[in-house]
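**Student:** Predicted structure and sequence below. I'll ask about it afterward.
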Amino acid sequence: MKRTGVLKILHDTTFPVNKLVIHPNTGFDLGFVQLKYVTKIFINTRIEDFSSGCAEPFCDAEVLLLNECGNDTVEMGQKLWDKIGRPSKTILMLDEKDNRLFLASK
């Protein structure tokens, strides 16, 4: 499983709930090299449940790699930010085998 470092969260009311934007360097940490990826995202679950495959996905999402996004930052919609409890930081963890992305936030 690949993961990012700790990312600052920026939330935007114009973003849909299923859109994440990260810097290409952050995407590289996850093995992403293209501009856009479609994956299932998982939130508000334990890492153990995510790792074992017992967790249910929140939604299908698109992850965009854009230079306009700051390094060590993830941009997401206000609704998604509300759903994960309005944290200031998160870590993204990717299960490459099953194309699943976990947002680990406190």
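**Tutor:** Nice, I can see it.

**Student:** Name the surrounding residues that touch the helix or strand of the chain with the lowest mean pLDDT.
**Tutor:** One helix or strand of the chain scores below all others by mean pLDDT, DSSP states H and E: helix 47-52, with a mean of 91. For helix 47-52, the external contacting residues (CB atoms under 8 Å, 6 or more residues apart in numbering) are 1, 42, 55, 93, 95, 100, 102, 104. Placement of C-beta: from N, CA and C, glycine included.

**Student:** For residue 101, name its beta-bridge partners.
**Tutor:** Beta-bridge pairing for residue 101 (DSSP bridges): residue 41, residue 94.

**Student:** on that earlier part again, and the furthest pair within the contacts of helix 47-52?
**Tutor:** 1 and 55 (13.6 Å; CB to CB).

**Student:** Who has more neighbours out of those two?
**Tutor:** Here residue 1 and residue 55 are compared on neighbour count by other CB atoms under 10 Å; more neighbours surround residue 55, at 19 against 13.

**Student:** for the more buried one, helix, strand, or coil?
**Tutor:** The three-state assignment at residue 55 reads coil, by DSSP: H, G, I helix; E, B strand; the rest coil.

**Student:** got the phi/psi numbers for it?
**Tutor:** Main-chain torsions, residue 55, degrees, to the nearest 10: phi -80, psi 150.

**Student:** Could you do residue 26 as well?
**Tutor:** phi -70, psi -40.

**Student:** Can I get stretch 18-30 in PDB? Just the C-alpha atoms.
**Tutor:** In PDB, the C-alpha atoms belonging to stretch 18-30 read as follows (Å, rounded to 0.1, in the frame of the first residue of the first chain):
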ATOM      1  CA  ASN A  18     -16.300  13.200  -5.600                       C
ATOM      2  CA  LYS A  19     -13.300  15.400  -6.700                       C
ATOM      3  CA  LEU A  20      -9.800  15.500  -5.100                       C
ATOM      4  CA  VAL A  21      -7.000  17.600  -6.400                       C
ATOM      5  CA  ILE A  22      -3.300  17.000  -5.400                       C
ATOM      6  CA  HIS A  23       0.000  18.200  -6.600                       C
ATOM      7  CA  PRO A  24       1.800  15.900  -9.100                       C
ATOM      8  CA  ASN A  25       4.600  15.300  -6.500                       C
ATOM      9  CA  THR A  26       2.000  14.000  -4.100                       C
ATOM     10  CA  GLY A  27       0.500  11.900  -6.900                       C
ATOM     11  CA  PHE A  28       4.000  10.500  -7.500                       C
ATOM     12  CA  ASP A  29       4.100   9.200  -3.900                       C
ATOM     13  CA  LEU A  30       1.000   7.200  -4.800                       C
END
